[in-house]
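Q: let me see the structure of the following:
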Amino acid sequence: MQLASRARRAGLVLTPRQVFERRTPERLALAAEAAGESGHTAEDVGVGEAPWLPVMRALGGQAALGEFAQWMVVGAPAGLTREVLVAGLGAVLDTHDMLRARVVADGTEQVLVVGERGAVDAAALVSRVAVTGGLDEAAERAAREAVGRLDPAAGVLAQAVWLDAGP
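A: Next up is the predicted model:
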């Protein structure tokens with residue numbers, strides 16, 4: 001995405017999809033057009049069938065399982081509400097196309113199909129856990145439970161867990 005963005009700033013039309021599909025500088029140079037030529041724009045709507053990401057190709061069939069995950073813990077501001085958290089997650093989902101993807105079997109292969117913005121219900125991906133004891137243990141447990149809820153075939157590629165330790 002950074003390469004496509006930098007190309008756009010330099011006056012070239014190149015989409016993130018082309019970067020994944022073309023892969024070499026020579027092939028990208030052939031695909032790039034000067035902005036304004038042929039009426040094309042650098043806008044890539046990010047919806048529809050998409051190639052597997054490099055990390056997915058490296059993982060093979062395991063990439064389609066909900067067991068592959070990364071997580072991080074971030075601090076929440078005082079006074080956070082579920083509505084604000086859902087709205088923030090919704091903005092992230094609408095900005096990052098691959099978080100709206102689902103894995104679909106296409107004959108003998110699996111493909112990614114990316115839904116439209118707003119296609120994923122952010123509220124369904126947010127859970128709140130009241131924490132009264134150790135925060136570290138609660139975070140570890142909540143993260144593992146969230147990984148268990150991931151389901152690439154159903155398009156569940158993200159979870160947000162709010163560990164609420166109170167005021």
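Q: now stretch 11-21: mean pLDDT?
A: Computed over stretch 11-21, the mean pLDDT rounds to 73.
Q: and Ala101, how many neighbours?
A: 22 (other C-beta atoms under 10 Å). Where C-beta positions appear, they are placed from N, C-alpha and C, glycine not excepted.
Q: surely it is in contact with Glu116?
A: No. Ala101 is not in contact with Glu116 according to C-beta atoms under 8 Å; the separation is 11.7 Å.
Q: for the chain, which segments are assigned as helices?
A: Assigned by DSSP state H, the chain shows helices spanning 2-9, 16-22, 25-31, 54-59, 82-95, 135-149.
Q: tabulate these in CSV, adding columns for distance to Glu109.
A: Below are these laid out as CSV (distance: least, C-beta to C-beta, whole Å):
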stretch, distance to Glu109
helix 2-9, 26
helix 16-22, 16
helix 25-31, 22
helix 54-59, 12
helix 82-95, 26
helix 135-149, 25
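Q: low pLDDT regions in this protein?
A: Low-confidence segments of the chain, defined by pLDDT under 70: 1-5, 33-46.
Q: residue contacts, the residue nearest the centre of it?
A: Computing the C-alpha centroid of the chain and ranking residues by C-alpha atoms, centre = their mean puts Leu99 first, at 2.6 Å. The contact partners of Leu99, taken as C-beta atoms under 8 Å, 6 or more residues apart in numbering, are Val92, Leu93, Val120, Leu157, Ala158.
Q: rerun that using 10 Å as the cut-off
A: Leu89, Val92, Leu93, Val114, Gly115, Val120, Leu125, Gly155, Val156, Leu157, Ala158 (C-beta atoms under 10 Å, 6 or more residues apart in numbering).
Q: just Leu85 next, same as before
A: Ala76, Ala122, Ala123, Val126, Arg128, Ala160, Val161, Trp162 are the contacts of Leu85 under C-beta under 10 Å, 6+ apart.
Q: I'd say the last one and Ala76 touch.
A: Yes. In this structure, Trp162 is within contact of Ala76 by C-beta atoms under 10 Å, at 6.7 Å.
Q: tell me which of these two has more neighbours.
A: Taking neighbours as other C-beta under 10 Å, Trp162 and Ala76 compare with Trp162 leading, 17 against 13.
Q: what's the closest non-adjacent residue to the more buried one?
A: Excluding its sequence neighbours, the residue lying closest to Trp162 (C-beta to C-beta, 6 or more residues apart in numbering) is Arg128, at 4.6 Å.
Q: residues touching that neighbour, list them.
A: Leu80, Arg82, Leu85, Ala142, Ala160, Val161, Trp162, Leu163, Asp164.
Q: out of the residues you listed, which is nearest to Pro25?
A: The nearest member of those to Pro25, counting by C-beta to C-beta, is Ala160 at 37.9 Å.
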